[in-house]
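Enquirer: what's the 3D shape of this:
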Amino acid sequence: MRLLGSAAARARRLLRRIRLEWLLLDDSVYAPSPPRACSPSDVARWNTEWLDYLGREWSHQLAPHTEWPLRPELPDRALDLLDLELRPAWPLHLYCPRESLLGRRVMELGCGCGSIGKLLGRYVDHYLGTDYSTLALQVARLVSPANCTYVHVADQAALGRFHGTIDTVVSRHFWIHQNLQLARWNLEFLELFVAPGGRLYADFFWPDPDKEQFIVRSPDEALSERWPSAMFQYEPRHLHAWIAGRPFRLISEEISIPMQRRYVVLERLAV
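Expert: Numbering: from 1, shown residues only. Below you'll find the predicted structure:
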């Protein structure tokens, strides 16, 4: 029975792969702009995506920070923060240690509607959220505490005062959707903000071989217009290409098969 079940699973995966390959035949390339040069088409694309997310996740996304009344102690290890619950059945799913959050100046690129900011506000000194979507940023401002600031990635005048002030950059479900070109643009953007010695915590995709996947691509491939949620699987060589020429050094990485992530920590160098 186990052999039959294994064969059936392989057959399902094969059929699914054939279907996905057929769907991708008419796939078109999405050519984004760097964050600081975010175009109106980028804004429209991500506003449309967030309208779709809100249609499915409105009860979570629109809930204000006051609906998460708990303030549990932060764990010392970054991996332990993944399961921290600020409300029953709502784990934080964030990879970052206590020392990089408590009382720190924290930033997030790709903050969306403020799901992380409204929770981290009770721990950090200040939180800065940035995104391509003007719609998501407006929602984030409505649901977050007063020590959270949300600014569009292209608003250089408003962002200038934060340059060189950030201790910690966090992310959740963000770098998994970046190809290498966009990941390098994002890192170049973030280096403006991170102070020397500051840390950047990134979450790259690393698949569980026993699970069926959606669309997984190499970071060398282009972004997809049709599949904005495609995953990019980063190998060590991609990580080195990601930081090449940038003022960061790779200080640690950790793979979590249950979370399907390769977690990476960078440190900002003094230049």
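Enquirer: which residues does Y234 contact?
Expert: The contact partners of Y234, by C-beta atoms under 8 Å, 6 or more residues apart in numbering, come to W175, F204, F205, W206, P219, W242, R262. (Glycine included, C-beta is placed from N, CA and C.)
Enquirer: between those residues, which is nearest H126?
Expert: Nearest to H126 among the contacts of Y234: W175, at 22.8 Å, using C-beta to C-beta.
Enquirer: circling back to that earlier point, need the contacts of Y234 in JSON lines (columns: distance to H126 and pLDDT).
Expert: Formatted as JSON lines, the contacts of Y234 follow (distance: C-beta to C-beta, whole Å; pLDDT from 0 to 100):
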{"residue": "W175", "distance to H126": "23", "pLDDT": "96"}
{"residue": "F204", "distance to H126": "27", "pLDDT": "96"}
{"residue": "F205", "distance to H126": "30", "pLDDT": "95"}
{"residue": "W206", "distance to H126": "31", "pLDDT": "95"}
{"residue": "P219", "distance to H126": "32", "pLDDT": "94"}
{"residue": "W242", "distance to H126": "27", "pLDDT": "97"}
{"residue": "R262", "distance to H126": "29", "pLDDT": "96"}
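Enquirer: farthest pair in those?
Expert: W206 and W242 (14.6 Å).
Enquirer: the more surrounded of the two?
Expert: W242 (23 against 19; other C-beta atoms under 10 Å).
Enquirer: how about the helix or strand hosting the more buried one: buried residues?
Expert: Assigned by DSSP states H and E, W242 belongs to helix 236-243. For helix 236-243, the neighbour count (16 or more other C-beta atoms under 10 Å) marks H238, L239, A241, W242, I243 as buried.
Enquirer: not counting sequence-adjacent ones, nearest residue to the fourth one?
Expert: It stands for W242. Of all residues not flanking W242 in the chain, A183 sits nearest, at 5.3 Å (C-beta to C-beta, 6 or more residues apart in numbering).
Enquirer: helix, strand, or coil at the one you found?
Expert: helix (DSSP: H, G, I helix; E, B strand; the rest coil).
Enquirer: the one 3 residues further on too?
Expert: Of the three states, N186 takes helix according to three-state DSSP.
Enquirer: what of E254?
Expert: strand.
Enquirer: and the closest residue to P145 other than its chain neighbours, its phi and psi?
Expert: Leaving aside its sequence neighbours, P145 sits nearest to G121 (C-beta to C-beta, 6+ apart; 3.9 Å). Here is the backbone geometry of G121 (degrees, to the nearest 10): phi -50, psi -30.
Enquirer: surely G121 meets N147?
Expert: Yes. G121 lies in contact with N147 (C-beta atoms under 8 Å); the separation is 5.4 Å.
Enquirer: hmm, back to that, could you measure from the residue nearest to P145 over to P34?
Expert: Counting by C-beta to C-beta, to the nearest Å, the gap from G121 to P34 is 28 Å.
Enquirer: pLDDT score assigned to R19?
Expert: At R19, the model reports a pLDDT of 48.
Enquirer: if anything else comes up later, I'll come back, but that's it for now.
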